[in-house]
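> after the sequence you'll find the predicted model.
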Amino acid sequence: MFVMHLPYYIATLAFSILGVSILHETRRVYSKGETLSLRLSIKWWILDCEWTIIVILSSLHRLWPLPFEKTTVLVCGLALLAIGVATISAGVMEFCSLRKISGMEVSKLITTGIYRWSRNPQFLGLYLSLLGIALLGHSGYALLLTIVAII
């Protein structure tokens, strides 16, 4: 069983190392009071997409099946996925700019709409969506990956 899941573990390790590297680079940029460069912003988008794909695939293959009742988990997963997608959509609509969403442009603090309740609704929505996907797939591994992403 371990050998069959080995590609997931290798990809997770590789993306974790890449994520720490990107996080370190981002911290350096922000400590100088600068905005993210296009290159660094693209790295974040790629990392988020890769991590999401691993969560989805882990859920589809039910890596480390969760020992919970199927109907309850399905309802909770669908609810979290729907709330997550709605939260992401609300944040994107309020920003109205891919450059702002990517951290490449900072014009002013937004305190209207969903930003009254969350400073980072796109991240919150992504994490809720990933939790929903992990639950829909009954995958403990996808759930672990989501928790790592949140941390």
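Perfect, I can see it now.

> sketch out the low-pLDDT regions of this structure for me.
Low-confidence segments of the chain (pLDDT under 70): 1, 97-107.

> hmm, 80 instead?
Of all residues in the chain, those with pLDDT under 80 make up the ranges 1-3, 94-112.

> which stretches of it form helices?
Assigned by DSSP state H, the chain shows helices spanning 2-31, 38-60, 70-95, 98-101, 121-136, 140-150.

> can you add distance to residue 113 and mean neighbour count and give those back as JSON lines?
Placement of C-beta: from N, CA and C, glycine included. Converted to JSON lines, the helices of the chain look like this (distance: least, CB to CB, whole Å; neighbours: other CB atoms under 10 Å):
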{"stretch": "helix 2-31", "distance to residue 113": "24", "mean neighbour count": "13"}
{"stretch": "helix 38-60", "distance to residue 113": "22", "mean neighbour count": "17"}
{"stretch": "helix 70-95", "distance to residue 113": "4", "mean neighbour count": "16"}
{"stretch": "helix 98-101", "distance to residue 113": "13", "mean neighbour count": "15"}
{"stretch": "helix 121-136", "distance to residue 113": "9", "mean neighbour count": "22"}
{"stretch": "helix 140-150", "distance to residue 113": "23", "mean neighbour count": "20"}
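
> so which of those helices is nearest residue 111?
Comparing the helices of the chain against residue 111 with CB to CB, the closest turns out to be helix 70-95 (10.1 Å).

> in terms of secondary structure, what does the closest one contact?
Packing partners of helix 70-95 (3 or more CB pairs under 8 Å, 6 or more residues apart in numbering; DSSP states H and E): helix 98-101, helix 121-136.
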